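Coordinates for the following, if possible.
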Amino acid sequence: MRVAIAGFQHESNSFASTPATLDKWKEAGILYGDDIRREYEDSRATIAGILGRLRDEKDIEIVPLVFSRLTPMGPLTVEATEFLMSEILRLIEEEGPWDAVFLAQHGAAVSDKYLDADGEIAEQTRQLVGPDVLIVTNLDMHANISKKVVANSDIVKVYQTNPHLDTYERAYESADLLLKCLRKEIVPTSFIATPPLVANILKQGTSDPVMTDLLTMAAQEAKRPGVLSVSVVEGYPYSDVPQMGMTFLAITNNDPALAQEVAENISRYAWSLREELNGVATSTEVALVEASNSMEFPVVLFDVGDNVYAGTTGDSTFVLQASRKLGITGLMQAIYDPTIVAEISPLGIGAHVDVMVGGKMDDMHGEPFHIKGVITSITDGKYAETKPSHGGFLNYDDGLSLAIATDDGNNFLLTSLPAGSNSLLQFRSAGLEPLDQKIIVVKGVHSPRPAYESIAKKIYWLSTGGASTADLSNFNYKHRRIPLYPFELTTEWS
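Next up, the predicted model:
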């Protein structure tokens, strides 16, 4: 039996300033055939889980076709969308026939052509292969899952941890369900419940109260006889699409009524928790003062408004500006500034520089920040994280990077690519030891937690502005559902 793997993973922020152009995708890498195996087989990402379950099956031929993933940013351009989809569909048609197709997607892809890019590729794949070929779609827990995705897929599996540490396991399970389908052991039937509910990004940590309660209830429903899979999907509030919000998906063995009952049971429980699924971040100034006065270090500040893995620029200076105004030093932070990196890296290690960094990509993330200091290291920005990390990815690339020790006591890592902080190796590879720092500013909300919770004496989530701010009232949505809680606090649903 022949099984294809294809897909493009993107979390599209409708309010981010940088579009996901075809050139961006090509720079990130569009992989074909065995290059996909080489990149992902030893990781803990989705494709690794699929390969891990299927590669030892003697009656299965696995054929990776084309795959690409791009750091979150603005929506895909029409050109990028058409190229990626046409490549997937072309190779599915040319390399077929197939018994099954895996679509390794994200679930929050938005393009200038399709508001529901993930649903569109599922539908076009179904139209191409026909009703008898099994389609398995693997998605991120931040997916905004549409009914189109579910209608055109036989199996949909979603990560159930945030930070995403179970990517391998959920993909492995989806491949196991596929084998049972191919061998006529099960007939999967699905139902998706879509209450008018958005969970604030601050409340989406799956090891935190409220979300743990919801997942515990879902796990209980998953134990019911005939239930094959249950997924709690947190949604991605920065994609301005009609399907934006939480969804709940159940798959049963040929029992559509049970699938609906399970999905609706969980969604009703989530609705009862709607007030608790919203949160407020800490004032940047308050967090800085408390961090500076702390007797134990490092203290880690999460710059929520400039969450690179939610599509922002990575060059926000709001925290730095606030620290200077308060006279607080001893900060370490990564800043995306390819222009300055290119300008001063030829000066070499030991050079003293006087530059304006960050705050240049758009008007949402602050003004350029003035620094004077010494270049302490220059690296290619590449490192491999073998410990558990968000998404299960192995290889990271921040582009040409350099570390600067400033005259006023800060340490900055300037990068040529937008750089989230999912690994301590990001700084260590540039000669900066996180354990030696007083205050560390990281870009993210939950994705940095596996790395930084283990070393932080205290963590603050900041109420910073930007394209991923926790305050959703800052955004002008044009396509979301109305009413939708908490935007309309009087929303009713049953």
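
quick check: mean pLDDT across the biggest strand by length in the chain?
Longest strand of the chain, by residue count under DSSP state E: strand 369-379. Mean pLDDT, strand 369-379: 98.

Then stretch 262-276?
98.

Next, the buried residues of it.
In terms of neighbour count (16 or more other Cβ atoms under 10 Å), stretch 262-276 has its buried residues at 262-263, 265-267, 269-271, 273-274. In this view, the C-beta of every residue, glycine as well, is placed from N, C-alpha and C.

same check, this time on stretch 209-216
By neighbour count on 16+ other Cβ under 10 Å, the buried set for stretch 209-216 is 210-211, 214-215.

Name the residues that touch it?
160, 162, 199, 203-206, 232, 234, 266, 269-270, 273, 276-277 (Cβ atoms under 8 Å, 6 or more residues apart in numbering).

Which ones among those residues lie within strands?
Filtering these for strands - DSSP E - leaves Val232.

Which parts of this structure belong to which domain?
Domain assignment for the chain by automatic domain parsing gives 2-272, 284-469.

I'd like the next helix or strand past the helix or strand encompassing Glu290.
Glu290 belongs to helix 284-293 when assigned by DSSP states H and E. Next along the chain after helix 284-293, taking DSSP H and E as the criterion, comes strand 299-303.

Report the inter-axis angle for that following strand versus helix 284-293.
Interaxial angle, strand 299-303 versus helix 284-293 (axes from the mean of the first three to the mean of the last three Cα atoms, to 10 degrees): 160 degrees.

need the contact list for the one residue sitting closest to the centre of the chain.
The centroid of the chain falls nearest to Tyr309 when counting by Cα atoms, centre = their mean (5.4 Å). For Tyr309, the contacting residues are 11, 71-72, 390, 420, 422, 443-444, 447, by Cβ under 8 Å, 6+ apart.

Try it again at 10 Å.
Tyr309 is in contact with 11, 71-72, 142, 163-164, 390-391, 418, 420-422, 443-448, 468, counting by Cβ atoms under 10 Å, 6 or more residues apart in numbering.

What distance do you get for Arg126 to Ser292?
In this view, Arg126 and Ser292 are 56 Å apart by Cβ to Cβ, to the nearest Å.

what sits against Met73?
Contacts of Met73 by Cβ under 10 Å, 6+ apart are 10-13, 16-21, 24, 308, 310-314, 418, 467.

backbone phi and psi for Glu492, please?
The phi and psi values for Glu492, taken as degrees, to the nearest 10, are phi -120, psi 150.

ok so, going back, which ones among the buried residues of stretch 209-216 lie within helices?
The helices, defined by DSSP state H, take in 211, 214-215 from these.

Adding pLDDT and distance to Ala342, write the residues you listed out as TSV.
Formatted as TSV, these follow (pLDDT from 0 to 100; distance: Cβ to Cβ, whole Å):
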residue	pLDDT	distance to Ala342
Met211	97	42
Leu214	98	47
Leu215	98	45
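
between the residues you listed, which is closest to Ser345?
In terms of Cβ to Cβ, no member of those lies closer to Ser345 than Met211, at 42.5 Å.

From Pro72, how far out is the residue nearest to the centre of the chain?
Tyr309 is 6 Å from Pro72, by Cβ to Cβ.

Over to Ser86?
In terms of Cβ to Cβ, Ser86 sits 23 Å off from Pro72.

of these two, who's got more company?
Pro72 (30 against 11; other Cβ atoms under 10 Å).

hmm, back to that, of all the domains of the chain, which one comes closest to Tyr477?
domain 2-272 (5.0 Å).

For the closest one, what is the spacing between the initial and final residues?
45 Å (Cα to Cα, to the nearest Å).

can you check stretch 131-148 too?
Its first and final residues considered, stretch 131-148 spans 15 Å by Cα to Cα.

Give the buried residues for that stretch.
Buried-residue list, stretch 131-148, by 16+ other Cβ under 10 Å: 133-146, 148.

do stretch 47-67 as well
Result for stretch 47-67 [16+ other Cβ under 10 Å]: buried residues 47-54, 60, 62-67.

if we take those residues, which one ends up nearest to Ala80?
Distances from Ala80 to the buried residues of stretch 47-67, taken as Cβ to Cβ, are shortest for Val66 (13.6 Å).

need the contact list for that closest one.
Val66 sits next to 4-8, 30-33, 35-36, 84, 87-88, 90-92 when contact means Cβ under 10 Å, 6+ apart.

which among those residues end up buried?
For the contacts of Val66, buried by 16+ other Cβ under 10 Å: 4-8, 30-31, 36, 84, 87-88, 91-92.

So for stretch 305-324, mean pLDDT?
pLDDT averaged over stretch 305-324 gives 96.

farthest pair in the buried residues of stretch 262-276?
It's Val262 and Arg274 that sit farthest apart of those, by Cβ to Cβ, at 19.8 Å.

Asp112 contacts Val78, doesn't it?
Yes - between Asp112 and Val78 there is a contact under Cβ atoms under 10 Å: 4.9 Å.

Give me the more crowded residue out of these two.
Neighbour count, other Cβ under 10 Å: between Asp112 and Val78, Asp112 has more, with 16 against 13.

State the distance from that one to Ala143.
Following Cβ to Cβ, the distance that separates Asp112 from Ala143 is 20 Å.

Then Tyr485?
Distance, Tyr485 to Ala143, using Cβ to Cβ: 19 Å.

Repeat that for Pro196.
Distance, Pro196 to Ala143, using Cβ to Cβ: 17 Å.

residues in contact with stretch 268-278?
Outside stretch 268-278, the residues that reach it (Cβ under 10 Å, 6+ apart) are 193, 195-200, 202-204, 209-211, 213-214, 216-218, 221, 232, 234, 246-248, 470, 472, 485-486, 489, 491-494.

List buried residues within the residues you listed.
Buried by 16+ other Cβ under 10 Å: 193, 195-200, 202-204, 210-211, 214, 217-218, 221, 232, 234, 246-248, 470, 472, 485-486, 491, out of the contacts of stretch 268-278.

Tell me which of the residues you listed fall in helices.
Counted as lying in helices by DSSP H, out of the buried ones among the contacts of stretch 268-278, are 211, 214, 217-218, 221.

His370: which of those residues is nearest?
Closest approach between these and His370, by Cβ to Cβ: Met211, at 40.7 Å.

For the residue nearest to Asn410 when sequence neighbours are not counted, give me its contacts.
In space, and not counting its chain neighbours, Asn410 is closest to Leu331: 4.8 Å by Cβ to Cβ, 6 or more residues apart in numbering. Leu331 is in contact with 288, 291-292, 301, 319-320, 323-324, 406, 408-412, 437-441, counting by Cβ under 10 Å, 6+ apart.

Can you list the low-confidence ranges for this structure?
Residues of the chain meeting the criterion pLDDT under 70: none.
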